Structure formats: C-alpha cells, structure tokens
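>>> Let's see this in three dimensions:
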Amino acid sequence: MATWVTHLIIADRVLEKLSWLCKHEFCVGNIAPDCNVENENWTQFTPSREVTHWMTNEREVASDSDRFYNE
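Alright, predicted model coming up:
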C-alpha cells in the first residue's frame with residue numbers, strides 16, 4: 001500500500017492537469033482514507049480499511065470502485 005506522501009505526490013501531479021479542482025479539498029480527500037487510529041499492537045485500525053478503502057471480504061487488495069460509484 002502506498003504511503004500518504006505517495007498519495008500527495010500523485011495528487012499534485014493530477015492537480016497539474018486538473019487545475020480547476022480545489023487543491024486543499026482534493027489533497028485531503030487523497031490522504032483521508034489513511035488517517036485512522038490504531039490499536040496498541042497496530043493490528044487493527046478505526047475506521048477499518050474495509051470502510052476507508054471500499055473493500056469487501058472478496059477483495060482484499062483492490063477497492064470496490066463500482067460499489068463506491070453506485071453509493
């Protein structure tokens with residue numbers, strides 16, 4: 001999984017092409033899914049990755065973009 005810094009670098013590149021987007025909101029939206037609270041041994045996070053990355057039990061690697069679009 002990419003780090004939040006990687007997400008921001010890619011967001012900056014996208015903003016170069018789509019300059020009409022609100023920079024602050026777009027950048028926050030790109031790192032927000034990785035902002036969560038970990039438990040003591042870092043084995044669980046709140047909210048969970050299934051929630052923040054639109055994942056289902058069947059999909060452990062990629063997000064469910066169709067579900068995201070439909071909801």
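
>>> Quick check: the residue most central in space within the chain vs Val14, distance?
The centre of the chain sits closest to Pro33, judged by C-alpha atoms, centre = their mean, with a distance of 3.6 Å. Noted for Pro33: a distance of 16 Å to Val14, by C-beta to C-beta, to the nearest Å. Yep, even glycine has a C-beta here, placed from its N, CA and C like the rest.

>>> just how off-centre is the helix or strand Thr6 falls within within its chain?
Per DSSP states H and E, Thr6 falls inside helix 4-17. Centre-to-centre, helix 4-17 and its host chain are 12 Å apart (C-alpha atoms, centre = their mean, to the nearest Å).

>>> before we move on, what about stretch 63-71?
13 Å.

>>> Going by the annotation, which residue ranges form each domain of this structure?
Annotated domains of the chain cover 1-35, 36-71 [automatic domain parsing].

>>> now these as CSV including mean pLDDT?
Compiled in CSV, the domains of the chain are given as follows (pLDDT from 0 to 100):
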stretch, mean pLDDT
domain 1-35, 88
domain 36-71, 77
